[in-house]
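>>> Everything below, folded, please.
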Amino acid sequence: MRYGDKVAVDGLSLEVARGSITAVLGPNGAGKTTVLETCEGYRAPQQGTVRVLGLDPQRDRARLLPRIGVMLQAGGAWSGVRAHEMLAHMASLHAHPLDTAMLSERLGLADCGKTPYRRLSGGQQQRLGLAIALVGRPELVFVDEPTAGMDPQARRTTWELLEEVRADGVTVVLTTHHMDEAEHLADLIHILDRGTVIASGTPGELTRDGRTATIRLVVNRPFPDGAPESLRAELGPGTEVRQLDDVSMLIHGPADSMTLGRVSRWCEEHDVLPQTLNLGQRNLEDVFLELTGRELAT
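Residues are numbered from 1 along each chain as shown. Predicted structure coming up:
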């Protein structure tokens with residue numbers, strides 16, 4: 001897929017297993033939106049083949065739409081419509097919809113059902129969007145940033161609901177900027193960058209690298225020039241150092257008291273004060289930064 005001279009999707013190939021939660025992650029501009037909109041039938045691929053539930057999203061659109069649900073990151077409802085009116089309208093378009101009262105109660109929408117959409121909080125709008133995507137009992141649901149703007153309790157409820165629909169055999173394709181959300185929910189993760197898949201695997205496969213742990217160093221002032229190379233020389237072979245930004249680094253290698261002591265000594269010699277020096281297993285955010293060199297901007 002091209003937009004003028006820009007290649008948005010470049011020979012991308014991936015599959016989503018039925019009955020799974022699959023996360024599609026990537027920095028802004030990686031091609032996620034183009035890929036999902038193509039799968040949803042909003043865009044036609046300029047080259048290649050797309051099949052969703054065995055159907056062509058363009059030629060077979062009338063047959064595909066009743067079988068999928070789409071949760072947009074923003075929008076999807078009229079500004080003045082009340083939440084329960086919007087959900088009831090969407091339910092009326094399906095042959096065998098879910099009970100809207102049950103769905104509203106489950107997603108915490110019962111108390112704001114009479115509130116116009118424009119007056120709902122961001123989290124309430126997201127919950128309504130998820131309810132709209134699920135009300136038609138889809139076989140496959142695309143959810144874009146499902147917990148954006150939600151408080152911790154609503155976020156946990158949304159996770160539980162997505163896990164329940166997976167248990168019922170529904171396939172979920174998830175995009176999110178929250179790495180912990182992808183780690184918690186996804187059976188399989190595809191990481192995109194510059195229009196292609198650069199890594200795929202389960203959360204465990206992607207975070208397993210054979211090293212004992214990761215040290216995350218955050219200091220009180222910008223690192224001096226050449227800091228990663230200097231620290232790598234101090235720590236010796238078998239250690240990797242990656243500078244994330246002006247004041248933070250990731251160190252992969254032996255996680256023992258000697259390594260921590262050398263990091264502290266290096267900070268003292270270079271006149272930077274550690275604000276945090278955390279030792280832990282490598283997580284999905286670490287992997288993402290290593291692969292793309294960019295944070296997953298919200």
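>>> burial of residue 283, as a residue count?
By other CB atoms under 10 Å, 16 other residues sit near residue 283. Any C-beta I mention is one placed from the backbone N, CA and C, and that applies to glycine too.
>>> you'd agree it is up against residue 182?
No: the criterion here is CB atoms under 8 Å, and residue 283 misses it with residue 182 at 10.4 Å.
>>> Show me the residue at the heart of this structure, geometrically.
Centroid-nearest residue in the chain: residue 176, 2.3 Å away (criterion: CA atoms, centre = their mean).
>>> my guess is it meets residue 150, correct?
No: between residue 176 and residue 150 there is no contact under CB under 8 Å: 11.8 Å.
>>> which SS state does residue 129 fall under?
Secondary structure, DSSP: H, G, I helix; E, B strand; the rest coil: residue 129 is helix.
>>> Residue 173 now?
Three-state assignment for residue 173 (three-state DSSP): strand.
>>> got it, and residue 14?
Assigned with three-state DSSP, residue 14 falls in the coil class.
>>> quick one: average pLDDT of stretch 201-216?
Averaged across stretch 201-216, pLDDT comes to 76.
>>> contacts for the helix or strand containing residue 161?
Taking DSSP states H and E as the criterion, residue 161 maps to helix 152-167. The contact list for helix 152-167, computed with CB atoms under 8 Å, 6 or more residues apart in numbering, reads 19-21, 106-108, 123, 127, 130, 134, 141, 143, 146-147, 150, 172, 174, 181, 184-185.
>>> Let's see that with 6 Å instead.
Helix 152-167 is touched from outside by 21, 108, 123, 146, 147, 172, with contacts defined as CB atoms under 6 Å, 6 or more residues apart in numbering.
>>> any chance of those in TSV, with distance to residue 39, neighbour count and secondary structure too?
Putting the contacts of helix 152-167 into TSV (distance: CB to CB, whole Å; neighbours: other CB atoms under 10 Å; DSSP: H, G, I helix; E, B strand; the rest coil) gives the following:
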residue	distance to residue 39	neighbour count	secondary structure
21	15	25	strand
108	29	17	coil
123	26	17	helix
146	17	26	coil
147	21	23	coil
172	13	27	strand
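>>> Return the set of buried residues in the helix holding residue 161.
Using 16 or more other CB atoms under 10 Å as the test for burial, helix 152-167 gives 154, 155, 157, 158, 159, 161, 162, 165, 166.
>>> What of stretch 115-126?
115, 116, 117, 120, 123, 124, 125, 126.
>>> same thing with stretch 215-228?
Residues of stretch 215-228 classed as buried: 215, 216, 217, 219, 223, 227 (neighbour count, 16+ other CB under 10 Å).
>>> nearest spatial neighbour of the last one, skipping sequence neighbours?
Nearest residue to residue 227 in three dimensions, chain neighbours excluded: residue 243, at 6.4 Å (CB to CB, 6 or more residues apart in numbering).
>>> Then the third one?
Once flanking residues are discounted, residue 217 sits nearest to residue 249: 4.7 Å by CB to CB, 6+ apart.
>>> Near that neighbour, how many residues? Count them for me, please.
Residue 249 - counted by other CB under 10 Å - has 19 other residues nearby.
>>> And the pLDDT for it?
Reported pLDDT for residue 249: 91.
>>> For it, give the beta-bridge partners.
Going by DSSP bridges, residue 249 is paired in beta bridges with residue 217, residue 243.
>>> That one and residue 224, how far apart?
To residue 224, residue 249 is 12 Å away according to CB to CB, to the nearest Å.
>>> ok, and the closest non-adjacent residue to residue 36?
Closest residue to residue 36 apart from its sequence neighbours, by CB to CB, 6+ apart: residue 142 at 5.8 Å.
>>> ok, and residue 148, which helix or strand is that part of?
In this assignment (DSSP H and E), residue 148 forms part of neither any helix nor any strand.
>>> so who does it touch?
Shown in contact with residue 148 (CB under 6 Å, 6+ apart): residue 126.
>>> quick one, domains of the chain?
According to automatic domain parsing, the chain comprises the domains 2-206, 210-281.
>>> Do me a favour and get the end-to-end distance for stretch 92-112?
Across stretch 92-112, the terminal residues are separated by 20 Å (CA to CA, to the nearest Å).
>>> Stretch 278-287 now?
Using CA to CA, one end of stretch 278-287 lies 16 Å from the other.
>>> Could I get the full set of strands for the stretch 151-298 of the chain?
Ranges of strands within the stretch 151-298 of the chain are 171-175, 188-193, 196-201, 213-219, 240-245, 248-253, 274-280, based on DSSP state E, counting those that start in this stretch.
>>> Please tabulate those strands in CSV and include distance to residue 53 as additional columns.
Output for the strands of the stretch 151-298 of the chain, formatted as CSV (distance: least, CB to CB, whole Å):
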stretch, distance to residue 53
strand 171-175, 8
strand 188-193, 17
strand 196-201, 21
strand 213-219, 39
strand 240-245, 40
strand 248-253, 40
strand 274-280, 40
